[in-house]
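Colleague: Fold the stuff below for me.
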Amino acid sequence: MRKIRVAIAGVGNCASSLVQGIEFYRSRNEKEPVGLMQESIGGWRPSDVEVVAAFDIDRRKVGRVLEEAVFAGPNCTRVFQPTLAASGVTVQMGPVLDGVAPHMAHYGDDEAFRPADDPPVDVTAVLREARAEVLLCYLPVGSEQAVRHYAQACLDAGLAMVNCVPVFLASNGDWANRFRAAGLPIVGDDIKSQMGATIIHRALARLFADRGVELDRTYQLNTGGNTDFLNMLERSRLQSKKRSKTESVQSQLDERLHSDDIHIGPSDYVPWQNDNKVAFIRMEGRGFGDAPMEIELRLSVHDSPNSAGVVIDALRCAKVGLDRGLAGPLEAPSAYYMKSPPRQMRDDEARLALADFIGEEEAEVPAKSSRMPAPGGA
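Modeller: Residues are numbered from 1 along each chain as shown. Below you'll find the model as predicted:
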């Protein structure tokens, strides 16, 4: 049977949800793809994904088989598929570089981070030996050097890449050209969640403009208790994340808000929330006759399954890019699935562009499916 051979860099909560999801949808009736945006992309289904290599640096995960490592601390995401098939994949020691903030070692026995004692492996060699086709980058926010290390390994080993984090590769001209020159596709940067704070904030911002309401100011404040929020307590690591989330919302406006009138970014780490993310969005504007209007919204989601619901599509698009011999950033998948794509689009335009990328036959929607409508759909 054909498989999409995937490597994972960073075996955290998001990787856990993805690995659980692959098994979850393998055992479900494919005619009832609940929770999927796309059942099939280029003929590839979620059950066609196979993880063939995994990298991490945490002592609790390195050296363990993948089906155990995804449930190891400090992972705290929801367990919706407790039984996983044997993978034959052992998590290997990646390069540390800037992959961990110093303060992560000071949060108690259960959360304290310490790198494994194993020497880092040659990532390129491992990818080649595993015959991986797509690498998913799930490294912590602020890991600029480490993300670029894995990106270079993709180029050297001949892999497509899905960059789920706010280190700018697909949206950086130099890196985009490197992937283009190597004949390899990349989808990036910084994953949008399936139904997360950013996609909802974008939709509301666009709705204000489309309905003739002037948006004067807005904020988005997020709290969570997973290691992503713990990592981002180091404010110096937040710059790319704040830029990515802010520009994602700004891109939906006809006129940009002044920087003083828009605040979007992670707010605080609340340990007992675990992988539950709570977002508070406030928008203030003026409608007909300058009448004031305010929206306040509270969103509560399981953060990592929310991400995996998009990654399962993005990686299949990367494989389609490989199958078609496409090179460089894949614009339509990046625009629809990522906060900081090489070219921002309105979400309805990106949805139609993605349908064109996939192909009209693949984008058709059965009456009871949750998949994305084809062009012209409701």
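
Colleague: Count the residues that sit near residue 285.
Modeller: 19 (other Cβ atoms under 10 Å). To be clear about C-beta, it is placed using only N, CA and C from the backbone, and glycine gets the same treatment.

Colleague: quick one: secondary structure of it?
Modeller: Per DSSP: H, G, I helix; E, B strand; the rest coil, the local secondary structure of residue 285 is strand.

Colleague: wait, it sits on residue 215?
Modeller: Yes: counting by Cβ atoms under 8 Å, residue 215 is a contact partner of residue 285 at 4.6 Å.

Colleague: what is in contact with those two at once?
Modeller: residue 208 (Cβ atoms under 8 Å, 6 or more residues apart in numbering).

Colleague: which sections of the stretch 201-350 of the chain are below the confidence cut-off?
Modeller: Applying pLDDT under 70 to the stretch 201-350 of the chain picks out residues 236-238, 266.

Colleague: And residue 186, how close does it get to residue 149?
Modeller: Distance, residue 186 to residue 149, by Cβ to Cβ, to the nearest Å: 15 Å.

Colleague: how much space between residue 37 and residue 326?
Modeller: 21 Å.

Colleague: Oh, that last question was meant for residue 232, not what I typed.
Modeller: Distance, residue 232 to residue 326, by Cβ to Cβ: 33 Å.

Colleague: Show me which of the two is the more surrounded one.
Modeller: Using other Cβ under 10 Å as the criterion, residue 232 and residue 326 rank with residue 232 on top: 23 against 19.

Colleague: Quick one: the helices in this protein, in order.
Modeller: Secondary structure of the chain (DSSP state H): helices at 13-26, 66-69, 108-111, 123-130, 144-157, 173-182, 197-210, 227-231, 239-250, 303-324, 331-337, 347-358, 360-363.

Colleague: so which of these gets nearest residue 1?
Modeller: helix 13-26 (11.4 Å; Cβ to Cβ).

Colleague: what angle sits between that closest one and helix 303-324?
Modeller: 70 degrees (axes from the mean of the first three to the mean of the last three Cα atoms, to 10 degrees).

Colleague: Quick check: which helices or strands does helix 13-26 pack against?
Modeller: strand 4-9, strand 49-56, helix 303-324 (3 or more Cβ pairs under 8 Å, 6 or more residues apart in numbering; DSSP states H and E).

Colleague: Could you dump those into TSV and include mean neighbour count and distance to residue 263?
Modeller: Compiled in TSV, the helices and strands packed on helix 13-26 are given as follows (neighbours: other Cβ atoms under 10 Å; distance: least, Cβ to Cβ, whole Å):
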stretch	mean neighbour count	distance to residue 263
strand 4-9	26	31
strand 49-56	25	33
helix 303-324	24	20
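
Colleague: closest to residue 24 out of the ones you listed?
Modeller: Closest to residue 24 of the helices and strands packed on helix 13-26 is helix 303-324 (Cβ to Cβ; 9.8 Å).

Colleague: May I have that closest one as CSV, with CA atoms only?
Modeller: C-alpha atoms of helix 303-324 as CSV (Å, rounded to 0.1, in the frame of the first residue of the first chain):
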residue,chain,number,x,y,z
ASP,A,303,-5.2,23.4,21.3
SER,A,304,-3.4,20.5,19.8
PRO,A,305,-6.2,18.6,18.1
ASN,A,306,-7.2,22.0,16.7
SER,A,307,-3.8,22.2,15.1
ALA,A,308,-3.6,18.6,13.9
GLY,A,309,-6.9,19.0,12.1
VAL,A,310,-5.1,21.4,9.7
VAL,A,311,-1.7,19.7,9.6
ILE,A,312,-3.3,16.5,8.4
ASP,A,313,-4.3,18.5,5.3
ALA,A,314,-1.1,20.5,4.9
LEU,A,315,1.2,17.5,4.8
ARG,A,316,-1.0,15.8,2.2
CYS,A,317,-0.8,19.0,0.1
ALA,A,318,3.0,18.9,0.4
LYS,A,319,3.0,15.3,-0.8
VAL,A,320,0.8,16.3,-3.8
GLY,A,321,3.4,19.0,-4.5
LEU,A,322,6.1,16.3,-4.6
ASP,A,323,3.9,14.1,-6.8
ARG,A,324,3.4,16.9,-9.3
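
Colleague: Now do it and strand 4-9, the angle between them.
Modeller: Here helix 303-324 runs at an angle of 130 degrees relative to strand 4-9 (the same axes, to 10 degrees).

Colleague: For the protein, which residue occupies the most central location?
Modeller: residue 191 (2.9 Å; Cα atoms, centre = their mean).

Colleague: Would you confirm that that one contacts residue 336?
Modeller: No: using Cβ under 8 Å as the test, residue 191 is too far from residue 336 to be in contact (11.0 Å).

Colleague: Measure how buried the residue nearest to residue 76 when sequence neighbours are not counted is and give me the count.
Modeller: Nearest residue to residue 76, sequence neighbours excluded (Cβ to Cβ, 6 or more residues apart in numbering): residue 274, at 4.2 Å. A count of neighbours around residue 274, defined by other Cβ under 10 Å, yields 18.

Colleague: Next up, the contacts around residue 274.
Modeller: 76-77, 225-226.

Colleague: What distance do you get for it to residue 3?
Modeller: Distance from residue 274 to residue 3, by Cβ to Cβ: 32 Å.

Colleague: Check residue 9 too.
Modeller: In terms of Cβ to Cβ, residue 9 sits 19 Å off from residue 3.

Colleague: what's near enough to touch the closest residue to residue 357 other than its chain neighbours?
Modeller: Nearest non-adjacent residue to residue 357, counting by Cβ to Cβ, 6+ apart: residue 332, 4.2 Å away. Residue 332 makes contact with 350, 353-354, 356-357, according to Cβ under 8 Å, 6+ apart.
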